[in-house]
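S.K.: Sequence plus the predicted model coming up.
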Amino acid sequence: MLNASEAAKWFICHNPELASGYIEENTKVNKLLYFSNLMGYCVDHERLIAENFIAFPNGPVVYEVYRDYRYHGLNALPKESPVIVGRPRKILDIVNFVYGGMSAEQLVEESHSHALWKNVRSRIPNNPMIDFTKVEPELEVYYRTLYETYSDMNFEKLQKVKIGGCTYYYDRNEFVMTEEILKQLSMTCKSVEPQFLELVDGELVIS
């Protein structure tokens with residue numbers, strides 16, 4: 001299992017905009033941890049994150065991460081990324097790829113749609129614990145499918161860029177970001193979900 005603080009540092013290192021933030025960034029870091037633990041449980045029926053998640057009004061959080069991000073400097077940009085390997089690293093990569101470009105508000109809305117949070121929200125603010133063994137079957141299938149869809153992707157070669165509020169990924173070994181492409185993307189940014197860029201016969205393809 002992963003230590004929640006180390007996983008949080010990993011996400012901050014791969015999303016520098018989360019460093020030196022406050023409420024929204026703290027919320028986003030915790031939601032990325034929650035989705036990671038949820039995917040880990042759906043794939044292996046085991047926890048990915050060692051610490052417990054509790055229900056706050058804005059969704060599940062690891063209290064230690066919430067506290068340390070707000071008061072104890074966890075929101076600083078790490079000098080280097082924690083070393084995480086194997087399936088845990090793959091899960092973090094996938095969650096970051098799918099959810100890393102979303103806003104805190106979008107991630108809160110997603111977590112609030114889960115029965116895991118709905119089942120305990122009436123007991124807030126008594127810090128009820130999220131019980132991942134009670135994940136709904138449909139959600140388990142969704143996260144298992146999400147993992148299988150991206151499990152073979154080589155995230156090491158992906159480059160992320162944000163333009164006009166939109167998040168794009170491209171293969172740094174095969175795609176060159178030019179000023180012309182940057183201009184084109186800034187004029188066509190619409191999707192709230194991450195998109196992949198590639199050149200096909202010299203034409204820019206966004207998918």
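M.R.: Yep, that arrived.

S.K.: Packing partners of the helix or strand containing Asn96?
M.R.: Assigning secondary structure by DSSP states H and E places Asn96 in helix 86-99. Applying 3 or more Cβ pairs under 8 Å, 6 or more residues apart in numbering; DSSP states H and E, we find helix 86-99 packed against helix 4-14, helix 23-44, helix 137-150. All C-beta spots, glycine's among them, are computed from the backbone N, C-alpha and C.

S.K.: Past that helix, which element shows up next along the chain?
M.R.: Toward the C-terminus from helix 86-99 - assigned by DSSP H and E - lies helix 104-112.

S.K.: other SSEs contacting the helix-or-strand element of the chain with minimal mean pLDDT?
M.R.: The weakest-scoring helix or strand in the chain, judged by mean pLDDT, DSSP states H and E, is strand 158-163 (a mean of 85). Counting contacts by 3+ Cβ pairs under 8 Å, 6+ apart, strand 158-163 packs against strand 166-171, helix 179-188.

S.K.: just checking, Val83 is part of a helix?
M.R.: No: assigned with DSSP: H, G, I helix; E, B strand; the rest coil, Val83 falls outside any helix and is coil.

S.K.: where's it relative to Trp10, distance?
M.R.: Distance of Val83 to Trp10, given as Cβ to Cβ, to the nearest Å: 9 Å.

S.K.: So these two - more neighbours on which side?
M.R.: Neighbour count, other Cβ atoms under 10 Å: between Val83 and Trp10, Trp10 has more, with 24 against 8.

S.K.: For that one, give me its contacts.
M.R.: Shown in contact with Trp10 (Cβ atoms under 8 Å, 6 or more residues apart in numbering): 81-82, 84, 92.

S.K.: Could you identify which of these has the most neighbours?
M.R.: Most surrounded of the contacts of Trp10: other Cβ under 10 Å gives Leu92, at 26 neighbours.

S.K.: Check what pLDDT it gets.
M.R.: Predicted confidence (pLDDT) at Leu92: the value is 98.

S.K.: shouldn't it be in contact with Ala7?
M.R.: Yes: here Leu92 lies in contact with Ala7, judged by Cβ atoms under 8 Å, at a distance of 6.6 Å.

S.K.: Pull up the overlap in contacts between the two.
M.R.: Joint contacts of Leu92 and Ala7 (Cβ under 8 Å, 6+ apart) are 36, 84.

S.K.: Going by neighbour count, list what's buried in stretch 10-28.
M.R.: Using 16 or more other Cβ atoms under 10 Å as the test for burial, stretch 10-28 gives 10-15, 18-19, 21, 25-28.
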